[in-house]
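Got a sequence here, can you build the structure:
(one chain, ligands or ions: 1)
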Amino acid sequence: MRKRRVILLGATGSIGSSAIKVAETIPDRMQIIGMAANRNARLLAQAANRALPEAICLVDAAHLDELRSSLEYSPEILTGETGLETLARMGGADLVLVAIVGTTGLRPALAAIETGKDLAVASKEILVMAGETVMTQASQKGIKVLPVDSEHNAIFQCLEGKPKHEISSLILTASGGPFRKLSSDRLASVTVADALNHPTWKMGRKISIDSATLFNKGLEMIEARWLFDIPMGQVQVLVHPQSIVHSMVEFVDGSLLAQLSHSDMCFPIQYAVTWPERIPNALKPLRLAELGRLEFEEPRYDDFPALRLAREAGEMGGTMPAVLNAANEIAVEAFLEGRITFPRIWSLVEEAMNRSDNFARPSLDDIIHADGQARDLVRGALAQ
Ligand code: NDP
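Next up, the predicted model:
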């Protein structure tokens with residue numbers, strides 16, 4: 001039984017607060033020794049006062065005074081994106097949980113790998129953007145990349161010990177989001193509040209919008225392709241409105257293995273931390289008889305083009321997934337600010353993909369360049 005000494009990046013977010021809860025429930029197995037946030041000084045101080053990490057990082061230095069005055073002890077304080085990297089390299093830690101929204105987690109994730117720490121990845125954006133780089137460097141260093149995203153954590157559990165040639169397909173389940181049943185002609189008039197109103201999960205704003213467009217599932221398809229080193233053609237999506245079956249693996253003999261639990265991110269976070277062991281907890285157990293039934297249906301591919309765009313980007317590989325991801329990030333920001341309609345999110349992403357060159361086997365610099373260009377393309381389109 002080993003105790004994980006964890007650096008938590010994104011401590012003030014939805015995943016971050018679940019991770020702190022898990023650490024408090026299994027103190028013999030998980031200790032948070034470093035934590036970081038962007039600018040939410042008061043929440044970071046509150047979280048730090050509870051978990052007492054040795055070091056904390058607030059990326060936005062403008063709020064450091066507020067952080068200092070809210071702390072009830074004296075941890076080392078870091079700032080800026082370099083502070084995130086320093087934290088990820090910190091000695092004495094053996095697992096870095098990346099739960100930062102967007103792509104800022106990429107450099108700290110690579111820093112963690114370089115210093116020999118395992119990675120628990122919630123931030124799917126970094127695997128979409130640079131999956132090949134992250135997984136290659138992790139395998140060269142002999143460190144483990146543990147999926148926290150519930151779908152990938154489910155697949156990870158179903159795959160354990162199974163050779164790749166026995167896999168027929170990975171089946172990612174999707175709740176379908178708040179607009180699963182909405183007719184396509186009404187999608188243009190949905191509001192930000194409608195889109196944030198996820199039927200089964202309570203999550204941060206960006207991923208909630210991604211769940212409504214189905215870009216979340218699209219990003220997850222590419223994430224799965226890299227995490228499990230499987231061709232895009234073997235990654236499928238199935239709508240399952242109850243979010244109880246978190247994903248499945250279909251094997252070549254026609255059997256399906258699935259992982260089920262209530263929709264609470266504490267389950268996958270705990271498994272990533274205690275892997276390969278399972279330990280008891282106080283989370284709500286699943287009673288299938290109480291649920292009665294589980295439903296499954298095909299996604300509405302024509303009405304929600306995110307899945308097609310993500311499959312295309314994943315199949316093209318190179319820098320195209322980074323383009324898709326970056327364009328989506330800017331489009332989602334614009335939607336959240338009330339500047340564009342909901343369907344404009346995917347049309348902006350498609351335009352950015354059409355107008356971007358794809359570079360095969362890209363270096364990290366190529367990826368970062370493609371990411372920046374895609375952001376500029378979308379900002380340019382928004383300015384017109
Ligand atoms: P939230 O918006 O709730 O939280 C985001 C966290 O990231 C906050 O701690 C925020 O700090 C921090 N952050 C944002 N930008 C930066 C930055 N530039 N530098 C450092 N820290 C930053 O997001 P979620 O917790 O919902 O999601 C986090 C990641 O996990 C996303 O990639 C998401 O796709 C993924 N994920 C989330 C799930 C969920 O259930 N929520 C499920 C599966 C995956 P601050 O508060 O200071 O802004």
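
excluding its backbone neighbours, what's nearest His262?
Nearest non-adjacent residue to His262, counting by C-beta to C-beta, 6 or more residues apart in numbering: Lys284, 5.1 Å away. C-beta here means a position set from N, CA and C on the backbone, and glycine is covered the same way.

What are the phi and psi values at that neighbour?
Backbone dihedrals for Lys284, given as degrees, to the nearest 10, come out at phi -60, psi 120.

My read is that it contacts Asp264, right?
Yes - Lys284 lies in contact with Asp264 (C-beta atoms under 8 Å); the separation is 7.1 Å.

out of the two, which sits in the more crowded spot?
It is Asp264, of Lys284 and Asp264, that has more neighbours when counted by other C-beta atoms under 10 Å, with 16 against 11.

what helix or strand is that one on?
Using DSSP states H and E, Asp264 falls within no helix or strand.

May I have the residues that are in contact with it?
Neighbour list for Asp264: Ser18, Leu283, Lys284 [criterion: C-beta atoms under 8 Å, 6 or more residues apart in numbering].

ok, of those, which one's closest to Glu72?
Nearest to Glu72 among the contacts of Asp264 is Ser18, at 22.9 Å by C-beta to C-beta.

Hmm, Cys266 and the closest one touching each other?
Yes - applying C-beta under 8 Å, one finds Ser18 in contact with Cys266, separated by 5.1 Å.

Of the contacts of Asp264, which is the nearest to the ligand?
The closest of these to the ligand turns out to be Ser18 (C-beta to the nearest ligand atom; 7.4 Å).

Can you tell me the SS state at that closest one?
helix (DSSP: H, G, I helix; E, B strand; the rest coil).

contacting residues around it?
Asp264, Met265, Cys266, Ile269.

Counting neighbours, what do you get for the third one?
Neighbour count of Cys266, defined by other C-beta under 10 Å: 21.

related to what we said a few turns ago, relative to Asp357, which of the contacts of Asp264 is nearest.
Nearest to Asp357 out of those is Ser18 (C-beta to C-beta; 39.4 Å).

Name the nearest residue to that closest one, sequence neighbours excluded.
Nearest one to Ser18, counting by C-beta to C-beta, 6+ apart, is Met265 at 4.4 Å.

these two touch, right, the one you found and Ser150?
Yes - distance between Met265 and Ser150: 6.6 Å, which falls inside the contact criterion (C-beta under 8 Å).

which residues in the chain form strands?
Using DSSP state E, the strands of the chain run over residues 4-9, 30-37, 55-58, 76-79, 95-98, 118-121, 145-147, 167-174, 235-239, 245-251, 256-260.

for the second one, packing partners?
The contact analysis (3 or more C-beta pairs under 8 Å, 6 or more residues apart in numbering; DSSP states H and E) places strand 30-37 against strand 4-9, helix 14-25, helix 41-51, strand 55-58, helix 80-88.

Ok, which of the ones you listed comes nearest Leu294?
Using C-beta to C-beta as the measure, helix 14-25 is the one of the helices and strands packed on strand 30-37 that comes nearest Leu294, at 23.7 Å.

So which bits of that closest one are buried?
For helix 14-25, a neighbour-count test (16 or more other C-beta atoms under 10 Å) marks Ser14, Ile15, Gly16, Ser17, Ser18, Ala19, Ile20, Lys21, Val22, Ala23, Thr25 as buried.
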